[in-house]
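Trainee: structural data only, the sequence is not supplied:
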């Protein structure tokens, strides 16, 4: 199957622009790629996105209050939707 690396947020947060996550808490299994992705937004806004590494079950981080968003591999999106993310 094909996967893509996606930024996901809780569905009820109504976030439509990824730049609004700059300076927030992001959990991922891909910390270096995530830091590189958010760096231009951080530089532009003068903030520092807090990227934390988690191995496995990254999609649970928002529901547990550990993150404002996640960056994870997505194949079909079923697991993300089940966790209330989009």
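Mentor: That came in fine, so what should we check first? This is a predicted model, so every value here is computed, not measured.

Trainee: which helices and strands sit right next to the longest helix along the chain?
Mentor: Determined from DSSP state H, the single longest helix within the chain is helix 31-45. The contact analysis (3 or more C-beta pairs under 8 Å, 6 or more residues apart in numbering; DSSP states H and E) places helix 31-45 against strand 25-28, strand 50-53, strand 69-74. Quick note: C-beta positions are derived from backbone N, CA and C, even for glycine.

Trainee: now the last one: buried residues?
Mentor: Yep, that's strand 69-74 we're talking about. 69-72, 74 (16 or more other C-beta atoms under 10 Å).

Trainee: does the residue nearest to the spatial centre of the chain have beta-bridge partners, and which?
Mentor: In the chain, the C-alpha nearest the mean C-alpha coordinate belongs to residue 70, at 2.1 Å (C-alpha atoms, centre = their mean). With DSSP bridges as the criterion, residue 70 is bridged to residue 8, residue 27.

Trainee: quick check: it touching residue 79?
Mentor: No - applying C-beta atoms under 8 Å as the test, residue 70 and residue 79 come out as separate, 11.2 Å apart.

Trainee: to residue 4, which of the helices and strands packed on helix 31-45 lies closest?
Mentor: Closest of the helices and strands packed on helix 31-45 to residue 4 is strand 69-74, at 5.8 Å (criterion: C-beta to C-beta).

Trainee: determine the set of other helices and strands touching that closest one.
Mentor: For strand 69-74, the packing partners by 3+ C-beta pairs under 8 Å, 6+ apart come out as strand 4-8, strand 25-28, helix 31-45.

Trainee: many thanks, we can stop here.
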